Every structure is written in structure tokens, then in C-alpha cells.
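Undergrad: the following comprises the amino acid sequence and a computationally predicted model.
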Amino acid sequence: MRVIAELPHPECKISIFLMNQKYIVKFEQGTFEQSYKLAELDLSGGGVNDVFEILDEEFIATVIERFKSMRTDFTLAYKRHQF
């Protein structure tokens with residue numbers, strides 16, 4: 001798996017990888033991460049530029065909101081078990 005692009009964003013790290021004819025888009029924020037896989041064949045042939053088009057601000061905003069939910073869920077689970 002190799003990194004083929006990184007997109008700057010103030011709220012999370014966005015990396016795009018290429019592996020086995022699939023693009024893997026990985027979002028990282030602190031200790032949490034989300035990843036999305038796209039087959040090269042499912043895109044129109046524009047390569048990584050097709051991936052950039054999918055990663056619009058509306059989608060990234062939902063990813064950021066999901067990070068908030070993930071953090072809340074994990075914090076609640078952690079507190080239930082008080083390590």
C-alpha cells in the first residue's frame with residue numbers, strides 16, 4: 001500500500017492510498033480513523049482526480065461529525081468500565 005496523495009484539512013488528516021486496484025481514503029483525527037475503499041473500476045478513469053471529486057466539503061463535514069459521534073461513543077464505553 002502506498003500513499004499517492006494527501007489533502008490538507010484543518011480538522012483531520014486525509015490520505016489516499018492505492019493498493020490492489022483500490023483507492024483507500026483514510027481520515028484521521030487524534031486516535032480515531034475512518035477509511036473508505038473505492039475500486040478503480042468503479043470510477044470514470046480519471047484516476048485519483050475522481051477520488052478528489054468525491055471528497056467534497058459536504059462529505060468531509062459528515063466525516064467530521066462522525067468523528068464526534070465516535071469520540072462520544074468511546075468516551076461513554078470507557079466511563080462504563082472505569083479503567
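TA: Everything's here; your move.
Undergrad: quick one, strands of this structure?
TA: For the chain, applying DSSP state E gives strands covering 2-7, 13-19, 22-29, 32-39.
Undergrad: for the ones you listed, which one sits closest to residue 67?
TA: Among the strands of the chain, strand 22-29 comes nearest to residue 67, with 4.7 Å by CB to CB. C-betas here are computed from N, CA, C, even on glycine.
Undergrad: which residues sit against that closest one?
TA: Contact partners of strand 22-29, identified using CB atoms under 8 Å, 6 or more residues apart in numbering, comprise 1, 4, 11-18, 33-40, 43, 48, 51, 55, 63-64, 67.
Undergrad: show the buried residues in these.
TA: 12, 14-18, 43, 51, 55, 63, 67 (16 or more other CB atoms under 10 Å).
Undergrad: next, format these as JSON lines and append distance to residue 25.
TA: Putting these into JSON lines (distance: CB to CB, whole Å) gives the following:
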{"residue": "12", "distance to residue 25": "11"}
{"residue": "14", "distance to residue 25": "7"}
{"residue": "15", "distance to residue 25": "8"}
{"residue": "16", "distance to residue 25": "5"}
{"residue": "17", "distance to residue 25": "8"}
{"residue": "18", "distance to residue 25": "11"}
{"residue": "43", "distance to residue 25": "12"}
{"residue": "51", "distance to residue 25": "6"}
{"residue": "55", "distance to residue 25": "7"}
{"residue": "63", "distance to residue 25": "9"}
{"residue": "67", "distance to residue 25": "14"}
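Undergrad: could you dump the residues you listed to CSV with distance to residue 79 and pLDDT?
TA: Formatted as CSV, those follow (distance: CB to CB, whole Å; pLDDT from 0 to 100):
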residue, distance to residue 79, pLDDT
12, 24, 97
14, 30, 98
15, 31, 98
16, 35, 98
17, 34, 98
18, 39, 96
43, 42, 92
51, 37, 95
55, 34, 96
63, 25, 98
67, 19, 98
